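Undergrad: Quick one: sequence and predicted model below, then my questions.
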Amino acid sequence: MSAALIPINRLARPSAGPDTTKTAATIMMGLVVRDLRIDAGLSQKQLAKLILVSTPTVSRLETGEGTPQPRTIEAAAQALKVDSDTYDLLKVLATRAEEPEWFQRRFNDITPTYLKRLLGLESMAISLTAYDVRLVSGLLQIPEYAACLIRTGLHRSEWEDGKLELRLAQRRERQERVLGQAEPPLSIFLMDESVLRRRVGPNEVMRAQMTRMRELADLPHIVIRFVLLDALIAGNEASMAGSMAQLQFGRGGLPDLVYSEGYGKADYFSKNVRAPDPQEQATSSSQKDRDYERHLQLLLRIQGEACASPEESRRMLEQAIKRFS
């Protein structure tokens, strides 16, 4: 499948549907409150005064950082004089925002803090583009390949205490929630060509992983492409920092997002498509937009200038399968 066929105008998933995640509900609730506040001609400070909270509390509510208290949402709805439909939407979103994320029930202790926002949002995307420099993308890893990776990151004392199995279970559930949906996101996976040669486990594990990717590449909603080693853009400093991903949520949904991961940390950059806030400094808003565009352009350049075609990438996978046979 060609990446050019991805319909970027696809409608978003329901913002208050049964599959809406806690993270998505929290962000959408904040966006609704922000739009209502701006329409009412109020600053964050003025709204905070009306609902008897601090200005930082309103700021965190609008940016989706943390879970707001139900009384805060109720007070905001009353102060902003919302109609019945908007009130019902806010109540549904507030209820969902209080529920745990899927990974918090079993896997919270083993989930890095910097990864939680991504895990809470990727199943809501209608389009996903991921770039991985060193390893097969986590969403494509078979259990045997993942086990080899995870085992090398654990102390020997942790091999028998269930941590390996727990991490594998988390990875399987993540894959099922994103790619196993009835309507999965249209997904483009960009990986460095070295992934085809970097040994993570014995031949049988590597062969099985390459075979699985070859099978996935034939699915209509998945594109797999390899960044060629002799491509000039692949030497860009930013492109070598770690994995990146762009999530698109569709018309009427969450703002599109770029995720950039380094060693033990990650940055999130969002596309601002909402009405501008007259109270926000233009320089701050412009910088956020530039950060998003800069990282998005890097992903687009990698895809457009440095990658083998999907057809050539399939042939590269077939060669890797033979090499590990």
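TA: Ah, there it is. Residues are numbered from 1 along each chain as shown.
Undergrad: Please compute how far the lowest-mean-pLDDT helix or strand in the chain lies from its chain's middle.
TA: Each helix and strand of the chain was given a mean pLDDT (mean pLDDT, DSSP states H and E); the minimum falls on helix 282-301 at a mean of 79. How far helix 282-301 lies from its chain's middle: 17 Å, per Cα atoms, centre = their mean, to the nearest Å.
Undergrad: now swap in stretch 139-147 and tell me
TA: How far stretch 139-147 lies from its chain's middle: 19 Å, per Cα atoms, centre = their mean.
Undergrad: How about stretch 112-132?
TA: How far stretch 112-132 lies from its chain's middle: 2 Å, per Cα atoms, centre = their mean.
Undergrad: Buried residues, it. List them.
TA: Within stretch 112-132, the residues that count as buried by 16 or more other Cβ atoms under 10 Å are 115-132. Every residue, glycine included, has its C-beta placed from N, CA and C.
Undergrad: rewinding a little: tell me the helix or strand right after the least confident helix or strand of the chain.
TA: With elements assigned by DSSP states H and E, the helix or strand that comes after helix 282-301 is helix 310-323.
Undergrad: Now, the buried residues of stretch 112-132 that are in strands?
TA: Filtering the buried residues of stretch 112-132 for membership in strands, criterion DSSP state E, returns 127, 128, 129, 130, 131, 132.
Undergrad: I'd say the fourth one and residue 179 touch.
TA: Pointing back at residue 130 there. No - using Cβ atoms under 8 Å, residue 130 is not in contact with residue 179, being 11.4 Å away.
Undergrad: what sits in contact with each of those two?
TA: Any residue near both residue 130 and residue 179 by Cβ atoms under 8 Å, 6 or more residues apart in numbering counts here, and that gives 139, 187.
Undergrad: if we can go back for a sec, quick one: the least confident helix or strand of the chain to strand 127-132, angle?
TA: On the basis of axes from the mean of the first three to the mean of the last three Cα atoms, to 10 degrees, helix 282-301 is oriented at 70 degrees to strand 127-132.
Undergrad: List the buried residues in helix 282-301.
TA: The neighbour-count check on helix 282-301 (16+ other Cβ under 10 Å) flags 291, 292, 295, 296, 298, 299 as buried.
Undergrad: Tell me where the protein has helices.
TA: 22-39, 44-51, 55-63, 70-79, 84-98, 102-106, 116-121, 143-153, 163-179, 203-216, 282-301, 310-323 (DSSP state H).
Undergrad: Restrict the fourth one to CA atoms and write it as CSV.
TA: In CSV, the C-alpha atoms belonging to helix 70-79 read as follows (Å, rounded to 0.1, in the frame of the first residue of the first chain):
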residue,chain,number,x,y,z
PRO,A,70,-15.6,16.6,39.1
ARG,A,71,-16.6,19.7,41.1
THR,A,72,-14.2,21.7,39.0
ILE,A,73,-15.8,20.6,35.8
GLU,A,74,-19.3,21.2,37.3
ALA,A,75,-18.3,24.7,38.4
ALA,A,76,-16.8,25.5,35.0
ALA,A,77,-19.9,24.3,33.2
GLN,A,78,-22.1,26.6,35.3
ALA,A,79,-19.8,29.6,35.0
